[in-house]
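**Q** the following comprises the amino acid sequence and a computationally predicted model.
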Amino acid sequence: MIQLTIIKITGYGPWTLTLGSDREHRLQMLQASLYKEIQDLFSQRNCLAFANRFDELFVITNGLSVDDHIDIQKQLVKSFELGLSISIGQGNTSFEASSNADKARRSNIMLSKDHNIFGLPLKKDADLVQIIHMDVDGSTSVSAKKSPYEVSLLIIKLYSEMSEFFLQRNSLAFFMGGDNFMIITSGINQEEIAKFLEIVKQKYDISFNCGIGTAKTGRDAAKFATQSLDKIRELRDSGKKDTRILETSC
Ligand SMILES: Nc1nc2c(ncn2[C@@H]2O[C@H](COP(=O)(O)OP(=O)(O)OP(=O)(O)O)[C@@H](O)[C@H]2O)c(=O)[nH]1
Ligand SMILES: [Mg+2]
């Protein structure tokens, strides 16, 4: 069972208009500081945030109660003049958890009216979450043959391919920067990942390394996933073994 929290700026569109047309630089700074604050507040509680859109973030919040969310909302209210809605969802997959969070907000089902928190009553057993940390093998040499903008285009294509493939398996993929992606899954079969790697190899001549981490919290799952990825690199660089997929659990 995965628990996801969606944080969204409320009334953003109308508010942006109040700034006049010389506003883009201010919106970009606001979005960057919102991301930083949210990552900071949630990671202190062993969660991990993903910038879904810059005005909407997804957070893996396994183990976090409604009261914890209220504490965070209180901090956010102090830092930003804009309002934020918080929607919590649980599910057997990350897609299901995100849909449940969204449904609660759209149906106005509240866990805390005073603090703008939506969701169905939380079950205690949001236990394990799994993250795949995917990283392009040897992206430095791929990048050397292309201009920076062409490298970005390739990354966008890979991201699109990955999002489609894993959404069909009810898992959400996020771009983390550089050549790094993270996918929130729940006990995915390694054969499925291998299938994706084959598609990408065929279509783009790109190899991914995939570290998998499973743990009780988002931060720990990411830590184990990155640990697995680093282990793959270690094995490759020592010439011992060519492994593409490796798993570490708590
Ligand atoms: N988000 C994120 N970015 C990273 C991480 N590690 C490296 N990067 C970034 O990813 C980019 C590519 O780095 P690498 O993946 O180490 O380079 P590479 O040539 O592909 O090397 P290998 O992955 O070892 O094959 C760099 O610009 C780093 O800034 C990470 O753990 N998370
Ligand atoms: Mg890489």
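**A** Arrived safely, thanks for sending. Ligands and ions are numbered 1, 2, ... in the order given.
**Q** quick one: the strands in the chain?
**A** For the chain, the strands identified by DSSP state E occupy 2-9, 48-53, 56-60, 84-91, 110-112, 117-118, 129-136, 172-177, 180-185, 208-215, 245-249, in order along the chain.
**Q** for the residue positioned nearest the centre of the chain, what are its contacts?
**A** Most central residue of the chain, judged by C-alpha distance to the mean C-alpha position with Cα atoms, centre = their mean, is residue 50 at 3.6 Å. Contact analysis of residue 50 by Cβ atoms under 8 Å, 6 or more residues apart in numbering lists 57-60, 172, 174, 176, 182, 184. Placement of C-beta: from N, CA and C, glycine included.
**Q** quick one: name the residues of the protein near ligand 2.
**A** Neighbours of ligand 2 within the chain, by Cβ under 5 Å from the ion: 135-136, 139, 179.
**Q** just put the residues you listed in a markdown table and tack on neighbour count and pLDDT.
**A** Supplementary listing: those in a markdown table, determined by neighbours: other Cβ atoms under 10 Å; pLDDT from 0 to 100:
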| residue | neighbour count | pLDDT |
| --- | --- | --- |
| 135 | 20 | 97 |
| 136 | 22 | 97 |
| 139 | 18 | 94 |
| 179 | 22 | 96 |
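**Q** returning to what we had before: ok, of the strands of the chain, where does mean pLDDT dip lowest?
**A** Set side by side, the strands of the chain give their lowest mean pLDDT on strand 245-249, at a mean of 90.
**Q** which helices and strands does that one pack with?
**A** With contacts taken as 3 or more Cβ pairs under 8 Å, 6 or more residues apart in numbering; DSSP states H and E, strand 245-249 sits against helix 190-204, strand 208-215, helix 218-237.
**Q** now the angle between strand 129-136 and it, please.
**A** For strand 245-249 against strand 129-136, the angle between stretch directions is 150 degrees (axes from the mean of the first three to the mean of the last three Cα atoms, to 10 degrees).
**Q** strand partners of strand 245-249, parallel vs antiparallel please.
**A** Here the strand partners of strand 245-249, with direction, are listed using DSSP bridges: strand 208-215 (parallel).
**Q** so who does the residue of the chain found nearest ligand 1 touch?
**A** With Cβ to the nearest ligand atom, the shortest gap between the chain and ligand 1 falls at residue 178, namely 2.5 Å. For residue 178, the set of contacting residues under the criterion of Cβ under 8 Å, 6+ apart consists of residue 139.
**Q** tell me the pLDDT at it?
**A** Confidence per residue is given as pLDDT, and for residue 178 that number is 95.
**Q** got any ranges where this structure has weak pLDDT?
**A** The model of the chain has pLDDT under 70 over residues 126.
**Q** walk me through the domains of it.
**A** As assigned by automatic domain parsing, the chain contains the domains 2-118, 129-249.
**Q** measure residue 186 to residue 244 for me?
**A** As judged by Cβ to Cβ, to the nearest Å, residue 186 and residue 244 stand 21 Å apart.
**Q** residues contacting the closest residue to residue 229 other than its chain neighbours?
**A** For residue 229, the nearest residue in space outside its immediate sequence neighbours is residue 211; the separation is 3.1 Å by Cβ to Cβ, 6 or more residues apart in numbering. The contact partners of residue 211, by Cβ under 8 Å, 6+ apart, come to 132-133, 135, 224-232, 246-248.
**Q** brilliant, that's me finished.
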